[in-house]
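Peer 1: Could you look at this predicted model? Sequence included:
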Amino acid sequence: MKVMNIIHDSVVDGPNLRTVIFFAGCPHFCKGCHNPASWNIKNGTEMTKAEILAEVERNPLTDITLSGGEPFFQAKEVSELTKDIKKLGKNIWIYSGYTIKELLATKDRYYLEMLENADTLVDGKFMLDKRDLTLHFRGSSNQKVIDLHEFQSEIATLKTDLDYR
Ligand code: SF4
């Protein structure tokens, strides 16, 4: 996987202390993006799943946030990673420029698996004209903090449909 950066002990990317993995590659090009260097996947450093998991396991008490860039840009590999992080019992947040509606509509197996393994999605592009510094864990008011547990039965149904294709 191509990774821009991994930081530890963040308190701004979800509740509690979190290790944040910033993935490279983003197709959204939001005006006012916090990290335009992440748009080009070639700017990332290649890391194996084992190398990322070693960072994830550095502190047994921290939870995990997948950010970017766009974590769904490398969904095949990242979905495998989320499976292993979930097995460690860690809470997973994902920041995406896609909305939950757009992600579910793709019916992409790897997207669905990421949503299945994660606990929370912060969804939608960053919109400069809706920027609000008073918001917790999101940059603009169009973005939503979504409890993915409420979508698990819909995700399971979509996955079952895939299995019958
Ligand atoms: S989704 Fe995030 S990383 Fe991608 S352009 Fe928008 S703000 Fe930047």
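Peer 2: Noted; the coordinates are in hand.
Peer 1: any low-confidence regions in the chain?
Peer 2: When residues are selected by pLDDT under 70, those of the chain lie in 165.
Peer 1: which residues of it fall in strands?
Peer 2: With DSSP state E as the criterion, the chain has strands at 2-10, 18-23, 45-46, 63-67, 92-95, 120-123, 144-147.
Peer 1: Mind putting those strands into a markdown table with distance to residue 36?
Peer 2: Where C-beta positions appear, they are placed from N, C-alpha and C, glycine not excepted. Shown next, in a markdown table, are the strands of the chain (distance: least, C-beta to C-beta, whole Å):
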| stretch | distance to residue 36 |
| --- | --- |
| strand 2-10 | 11 |
| strand 18-23 | 13 |
| strand 45-46 | 17 |
| strand 63-67 | 14 |
| strand 92-95 | 15 |
| strand 120-123 | 19 |
| strand 144-147 | 23 |
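Peer 1: Now those in JSON lines, please, with extra columns for distance to residue 74 and mean neighbour count.
Peer 2: As requested, the strands of the chain are exported to JSON lines (distance: least, C-beta to C-beta, whole Å; neighbours: other C-beta atoms under 10 Å):
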{"stretch": "strand 2-10", "distance to residue 74": "7", "mean neighbour count": "16"}
{"stretch": "strand 18-23", "distance to residue 74": "6", "mean neighbour count": "24"}
{"stretch": "strand 45-46", "distance to residue 74": "11", "mean neighbour count": "10"}
{"stretch": "strand 63-67", "distance to residue 74": "10", "mean neighbour count": "25"}
{"stretch": "strand 92-95", "distance to residue 74": "12", "mean neighbour count": "24"}
{"stretch": "strand 120-123", "distance to residue 74": "16", "mean neighbour count": "22"}
{"stretch": "strand 144-147", "distance to residue 74": "21", "mean neighbour count": "14"}
